[in-house]
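A.B. asks: Give me coordinates for this.
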Amino acid sequence: MPASPSTARAINDRLALRLLQQEGPLTAGQLKQLTGLSRPTVADLVERLSDAGLITVVGEAGEQRRGPNAKLYGIVADRARLAALDVRTESVSVVVADLVGRVLAEASVPIGGETGTGPVVEQAVSLVERVAKEAEASGVPPRADVRAWGSLHTVGIGAPGLIDPATGELRDSSGLPAWHRRLVAALQERFPEAHVSVDNEANLAALAEQRDGTARDRDTFVLLWLSYGTGAAVVLDGALRRGASGGTGEIGFLPVPGTTGLPSATDCDGGFHSLAGSAAITELARRHGLSATPTGEEPPAAALVRSAVEQAAGRTAPVTGPASGAGAAADAPLPEARQAAPDPAEAAGAGLGGAGRFLDELADRLAVGVASVVAILDPGCVVLGGEVGRAGGEELAARVEERVRRMSPLVTEVRPSTLGGGAVLRGALLTARDRAQDDLFAPTDR
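C.D. replies: Residues are numbered from 1 along each chain as shown. Presented below is the predicted three-dimensional model:
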């Protein structure tokens, strides 16, 4: 059955708006070419969207061109204001942007471990209000028909932990601060007209890497989140997979060799987290005699990995087997494929110092988690995400990929993140932008 005229108009309008979001300002002729619609149909949709206050003339195409065909149309960016938050156990970061995702203001605050739940929640909510006011001072004043700055249209939040797929709420997970769950409710109370939503940090990071980062060319991949903690996000055939209880990617609980025990339902100690969390990586670096000073709010492990990469770059021989330096885990055997250590003389001749041995052993650990994911999902690509993944760069990614190649018959490319820890905030902003546009671009009876 052919679509009704109203349905066809709605489809065409949404298509044009999506193109304007993706491509930026376009002329009517360019819209005709990209949509495949007729000239009269494009003229009608441009008039409808302009009358609805969704698009406007933002310039002309070409310095010498004039007339209606040269008009460039763009989305009315000040139609709505969006906020995105990256909520960590020790900090909160906020950005406020316009409807097309252009950042207008941003800030972050550290959270003291001894601060009570109530004061922390108020501190975070006040930060959002302050950043919104700064955005007002630095950006274009909001239109008369747009919600006030204090009433943000959409707020997207990224946080560690499980998200209940039925309610969309952050579950009461053991080990996470109580203020994380309270913050979502407090923001909704302070901004009652806003659409407030929360998602897992690894999921948002994967979304950002797929849209703007290292996985732009992949419809199927897994992001391994390496920051203060560990996590994973699974994207299959272009869709983020959450699982029956929202727990897809809780790789920190994966039982692995090389730890002193097994994880429990309430504690991931003894799981993959005990090999690849920031504290575990920091201890591994200490055993190899490495030290580094973190910059900003990054986890200490990121600084240590970055320093090791800088030391090893240009002198480390191609990896032919895992190193068994002073930091090798002695509590439990590693998989057989990685037990054989290289000959010490060969390692010395290749210039493998403490930094190289550290990166080799870290790659051994990460490969355990990556190979487990590959065996079940066969994603073809794994992104080492978070601050640690980005700090490791191609140097660490290549080491992990080589080990996975020896452990699995399934060809898997391992890539470093290009967005690092900033991927969570970027993903939260992309999610907020999509939801705001879905709301504002929804078909009307016009």
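
A.B. asks: Does Val95 belong to a helix, a strand or coil?
C.D. replies: Reducing the assignment to helix, strand or coil with DSSP: H, G, I helix; E, B strand; the rest coil, the entry for Val95 is strand.

A.B. asks: Looking at strand pairing, list the partners for it.
C.D. replies: Ala84, Glu106 (DSSP bridges).

A.B. asks: for it, what are its contacts?
C.D. replies: Under the criterion of C-beta atoms under 8 Å, 6 or more residues apart in numbering, the neighbours of Val95 are Ala83, Ala84, Val103, Ala105, Glu106, Val131, Leu425, Leu429. Glycine gets a C-beta too; all of them are placed from N, C-alpha and C.

A.B. asks: pLDDT score assigned to Leu170?
C.D. replies: Predicted confidence (pLDDT) for Leu170: 84.

A.B. asks: and the one helix or strand Leu384 maps to, what does it pack onto?
C.D. replies: Taking DSSP states H and E as the definition, one finds Leu384 inside strand 381-385. With contacts defined as 3 or more C-beta pairs under 8 Å, 6 or more residues apart in numbering; DSSP states H and E, strand 381-385 has these neighbours: helix 201-212, strand 221-226, helix 354-377, helix 386-407, strand 413-416.

A.B. asks: What is the burial count for the nearest residue to Thr259 once chain neighbours are set aside?
C.D. replies: Of all residues beyond its chain neighbours, the one nearest Thr259 is Ser274 (4.5 Å), with distances taken as C-beta to C-beta, 6 or more residues apart in numbering. The number of residues packed near Ser274 is 22, by other C-beta atoms under 10 Å.

A.B. asks: residues making contact with the one helix or strand Ser274 maps to?
C.D. replies: According to DSSP H and E, Ser274 maps onto helix 273-276. Contacting residues not belonging to helix 273-276 are listed as 226, 229-230, 252-253, 256, 258-260, 263, 268, 280, 329, 365-366, 368-369 [C-beta under 8 Å, 6+ apart].

A.B. asks: if you set the cut-off to 10 Å instead, what comes out?
C.D. replies: Helix 273-276 is touched from outside by 175, 224-226, 229-231, 250-254, 256-261, 263, 267-268, 279-281, 284, 301, 329, 331, 361-362, 364-366, 368-369, 388, with contacts defined as C-beta atoms under 10 Å, 6 or more residues apart in numbering.

A.B. asks: Quick one: name whatever helix or strand follows it.
C.D. replies: Using DSSP H and E, the next helix or strand after helix 273-276 towards the C-terminus is helix 278-287.

A.B. asks: how far out from the middle of the chain is stretch 297-313?
C.D. replies: Centroid separation between stretch 297-313 and its chain, computed with C-alpha atoms, centre = their mean, to the nearest Å, is 20 Å.

A.B. asks: err, stretch 284-299, not the other one
C.D. replies: Using C-alpha atoms, centre = their mean, the offset of stretch 284-299 from its chain centre is 23 Å.

A.B. asks: One more: stretch 210-217?
C.D. replies: Its chain's C-alpha centre and that of stretch 210-217 lie 10 Å apart, by C-alpha atoms, centre = their mean.

A.B. asks: list the contacts for the nearest residue to Gly156 once chain neighbours are set aside?
C.D. replies: Spatially, and ignoring its direct neighbours in sequence, Gly156 is nearest to Ala432 (3.5 Å; C-beta to C-beta, 6+ apart). Contacts here follow C-beta under 10 Å, 6+ apart; on that basis Ala432 touches 80-85, 95, 97, 99, 101, 152-157, 194-197.

A.B. asks: can we see that at 7 Å?
C.D. replies: With contact set as C-beta atoms under 7 Å, 6 or more residues apart in numbering, Ala432 has these partners: Leu82, Ala83, Ala84, Thr154, Val155, Gly156.

A.B. asks: cool, Val256 as well?
C.D. replies: When contacts are counted by C-beta under 7 Å, 6+ apart, Val256 touches Gly271, Phe272, Leu275, Val368, Gly369.

A.B. asks: For the one helix or strand Pro119 maps to, what does the pLDDT average out to?
C.D. replies: Pro119 belongs to helix 117-138 when assigned by DSSP H and E. For helix 117-138, mean pLDDT rounds to 91.

A.B. asks: Name the surrounding residues that touch it.
C.D. replies: Applying C-beta under 7 Å, 6+ apart, the set of residues contacting helix 117-138 from outside is 81, 83, 92, 94, 96, 104-107, 109, 111, 149-150, 152, 178-179, 182-183, 186-187, 190.

A.B. asks: so after it, what's the next helix or strand?
C.D. replies: Moving toward the C-terminus from helix 117-138, the next helix or strand (DSSP H and E) is strand 154-159.

A.B. asks: what about the stretch 301-446 of the chain, any weak spots by pLDDT?
C.D. replies: 314-352, 443-446 (pLDDT under 70).

A.B. asks: For stretch 167-181, buried residues please.
C.D. replies: Of the residues in stretch 167-181, Glu169, Leu170, Leu176, Pro177, Trp179, His180, Arg181 count as buried by neighbour count, 16 or more other C-beta atoms under 10 Å.

A.B. asks: Not counting its own residues, what contacts that stretch?
C.D. replies: Applying C-beta under 7 Å, 6+ apart, the set of residues contacting stretch 167-181 from outside is 87, 89, 117, 120-121, 159-164, 184, 197-198, 266-267.

A.B. asks: coming back round to it: out of the contacts of Ala432, who's the most crowded?
C.D. replies: Leu82 (31 neighbours).

A.B. asks: show me what contacts that residue?
C.D. replies: For Leu82, the contacting residues are Val96, Ala97, Leu152, His153, Thr154, Leu429, Ala432, Arg433, Ala436, by C-beta under 7 Å, 6+ apart.
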